[in-house]
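[1] Can you look at this prediction? I've put the sequence above it.
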There are 6 protein chains.
Amino acid sequence: MIYLTRKEHFNAAHKLYNPNWSKEKNIEVFGKCANANWHGHNYELIVTVKGEVNPETGFLIDAKKLGEIINKYVCEELDHKNLNLDVPFMKDVLASTENLAIAIWNQLTPHIPNGVKLHCVKLYETQRIYVEYFG
Amino acid sequence: MIYLTRKEHFNAAHKLYNPNWSKEKNIEVFGKCANANWHGHNYELIVTVKGEVNPETGFLIDAKKLGEIINKYVCEELDHKNLNLDVPFMKDVLASTENLAIAIWNQLTPHIPNGVKLHCVKLYETQRIYVEYFG
Amino acid sequence: MIYLTRKEHFNAAHKLYNPNWSKEKNIEVFGKCANANWHGHNYELIVTVKGEVNPETGFLIDAKKLGEIINKYVCEELDHKNLNLDVPFMKDVLASTENLAIAIWNQLTPHIPNGVKLHCVKLYETQRIYVEYFG
Amino acid sequence: MIYLTRKEHFNAAHKLYNPNWSKEKNIEVFGKCANANWHGHNYELIVTVKGEVNPETGFLIDAKKLGEIINKYVCEELDHKNLNLDVPFMKDVLASTENLAIAIWNQLTPHIPNGVKLHCVKLYETQRIYVEYFG
Amino acid sequence: MIYLTRKEHFNAAHKLYNPNWSKEKNIEVFGKCANANWHGHNYELIVTVKGEVNPETGFLIDAKKLGEIINKYVCEELDHKNLNLDVPFMKDVLASTENLAIAIWNQLTPHIPNGVKLHCVKLYETQRIYVEYFG
Amino acid sequence: MIYLTRKEHFNAAHKLYNPNWSKEKNIEVFGKCANANWHGHNYELIVTVKGEVNPETGFLIDAKKLGEIINKYVCEELDHKNLNLDVPFMKDVLASTENLAIAIWNQLTPHIPNGVKLHCVKLYETQRIYVEYFG
């Protein structure tokens, strides 16, 4: 079993806001992350897949192909977007890094080729905060 | 003459949009950076000052104090804000990294203590793009 | 199950010295790390917690709150200190990175909120050497 | 149980080329990585070992000694070499990052001291692509 | 005057070898960098341009366009290539980082748009060695 | 004219303390940096030299040789040392990063080979604070 990891990135706006709560409670819980006019991040996305090495290519999966899958099904949907307003797969979900990592996992799973398994979605919100989801 | 540099950061939303142009021209010039619903970045701000070493302290300026100045007059004004909507000193200016670096320079200049000179404002928009302004 | 990680840092002095050994044996085993007058490091501390996402907040735990816990119970006890002389929870322990990571785990455990579990303490001594402890 | 990690690096040339295939098929599968005149990388090698802390030293293993083992049995064999032509332990193997990580694991295993176990070989081919092997 | 910088990268093989010298003298001067079978690097290329901000766009130059110029005239010529064998603009020049930075400057100069000036080509050979050329 | 830069590092203990002042004034000015029992840092040292490229080697100066000079005259004097107690060339000087950068410049200057000039000593105290000295 071998693990291959590829990093991609996207830049997006979001706010943390629970629509079932008052504005005051949102500010109490989320602080400046609840700013009505949004803020944003350079998200760094790190995807790990696992499986056996193909003896004919020496590859688990061509890292270039893995990058294309991540970009097509995730980064193009998120880059230069507003996570709360523009992203169908984040609709009705709080735009936290935790929820975003889980949603990215669900976006990627159906597109990982046979013989390879998605192992981890790791998502940096800032250089000092990240989330990992293993399914 | 010695140069001291301190890095700080802030997260903000913005869009690139010239209000004198049509929507179509904005998209033609700015591409996905013109997304109406905003996007955002983790800005990394790197401020360099210069001057003589004080023989009693060994300091040009206490790096902690420099950090406090940058945070009070710049980062607190920008962090978790929308550069186009929430920031008085970016009003009526296109929210490009170039213009933001110049505006940060102008914010900082009056607050740099006597005997020290602001030398450079360096501003990363992403890990691969940055702007420098020397006044 | 989701994993959230937060990085903090502290700067400290230490030496590697076993008081049961002669000075010569200490130098033989620890080399320049046994320098009687101390040396020091910029320690990078990376704490991972795990648990379920709270559907009301989208958070496992507010990363800001996690940072406050790490700073209060660990970094304020270690930053700008001498690990051998100034830190009650390192008393009578060799000030190695391994022992420091374990001690940090023990410091943090009682302060992690209900519903969240401490998963890993990762501690960089230099940019090329780090230790991980999973309890 | 504690985990200690040390990073080392080496620079090498390689190409991806299956000698059982035509030139055309190699280019179809490996793209520019099949360039007949080679290309190369700054490989970053990250080795993790695990075991119990020795109470007399506070060490799992002296990180300096671990570095010497990695350098002697791996980096000196690979640094400034051609992975396809110059490296006995990569003979008859496709010079992919996956295969190289596995070969490095096999090189290191017999030289890890008693009481310590090799846990992971992590190998960066570029800053955005890496492989992990756990045996 | 404002400065805008964009980072790109390419991976290449090379060796340091003066054809006017004996093999022995090459090894004496260049050490393992003279390995006949090549070695290689992940080169990190950092290009800085300077000029006035265009008030209509807020840009010195669109960073995306600058990236396209660097990729078309430099990275596509160098990526996954052998600097000594495959690159017309490095013909008859020792493939040192110094000479490569100067050659990249000469490649870029004719393609920098009017109103913008090339300021610096900075080229990392490894994470600890880089060259800068200002024309 | 070309510029070549090499990064090295050392780990050291120090405190900021002016012996002409009371203990109280030292704490007032230097805060926790005045801790009597020392603290320490992983210093990152970045040395830039400049001059003409030698057409026979393609080098300004062999980066390996530059590294040897930096290590012999600077890093070996500072690594795993106490800047206030163990370093002859820091005697009677406040152990600030500013003064250390100047002292390193003075250490290096006599050992830079003919035809090459020392251009800059850049010294990181932490990842977010650094000093530059150009002579």
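    Thanks, I have it.
[2] Next up, the contacts around the residue lying closest to A:H39 once chain neighbours are set aside.
    Closest residue to A:H39 apart from its sequence neighbours, by C-beta to C-beta, 6 or more residues apart in numbering or on different chains: B:H80 at 4.2 Å. C-betas here are computed from N, CA, C, even on glycine. Residues in contact with B:H80 (C-beta atoms under 8 Å, 6 or more residues apart in numbering or on different chains) are A:32-33, A:35, A:39, B:10-12.
[3] Between those, which sits nearest F:N99?
    Nearest to F:N99, judged by C-beta to C-beta, of those is B:F10 at 31.4 Å.
[4] which among the contacts of B:H80 end up buried?
    A:33, A:35, A:39, B:10-12 (16 or more other C-beta atoms under 10 Å in any protein chain shown).
[5] Just put those residues in JSON lines and tack on pLDDT and secondary structure.
    Output for those, formatted as JSON lines (pLDDT from 0 to 100; DSSP: H, G, I helix; E, B strand; the rest coil):
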{"residue": "A:C33", "pLDDT": "98", "secondary structure": "helix"}
{"residue": "A:N35", "pLDDT": "97", "secondary structure": "coil"}
{"residue": "A:H39", "pLDDT": "98", "secondary structure": "strand"}
{"residue": "B:F10", "pLDDT": "98", "secondary structure": "strand"}
{"residue": "B:N11", "pLDDT": "98", "secondary structure": "strand"}
{"residue": "B:A12", "pLDDT": "98", "secondary structure": "strand"}
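[6] Tabulate the contacts of B:H80 in JSON lines, adding columns for distance to D:F134.
    Formatted as JSON lines, these follow (distance: C-beta to C-beta, whole Å):
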{"residue": "A:K32", "distance to D:F134": "41"}
{"residue": "A:C33", "distance to D:F134": "37"}
{"residue": "A:N35", "distance to D:F134": "43"}
{"residue": "A:H39", "distance to D:F134": "39"}
{"residue": "B:F10", "distance to D:F134": "39"}
{"residue": "B:N11", "distance to D:F134": "36"}
{"residue": "B:A12", "distance to D:F134": "40"}
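[7] Please report the distance of the residue nearest to A:H39 from A:W105.
    Using C-beta to C-beta, to the nearest Å, one obtains 27 Å as the distance from B:H80 to A:W105.
[8] same thing with A:K23?
    Counting by C-beta to C-beta, the gap from A:K23 to A:W105 is 32 Å.
[9] Same drill for the two, tell me which one is more crowded.
    Set A:K23 next to A:W105 and count neighbours by other C-beta atoms under 10 Å in any protein chain shown: A:W105 wins out with 18 against 10.
[10] Would you mark the buried spots in the lengthiest helix in chain A?
    Looking across chain A with DSSP state H, the single longest helix is helix A:97-108. By neighbour count with 16+ other C-beta under 10 Å, helix A:97-108 contains the buried residues A:97-105, A:107-108.
[11] same question, stretch A:23-39
    A:26-27, A:29-30, A:33-35, A:37-39.
[12] so does stretch A:112-122 get close to chain D?
    No - interface with chain D: stretch A:112-122 contributes nothing (C-beta under 8 Å from any C-beta of the partner chain), its closest point being 9.5 Å away.
[13] Who are the contact partners of A:D79?
    Contacts of A:D79 by C-beta under 8 Å, 6+ apart are A:10-12, B:32, B:39.
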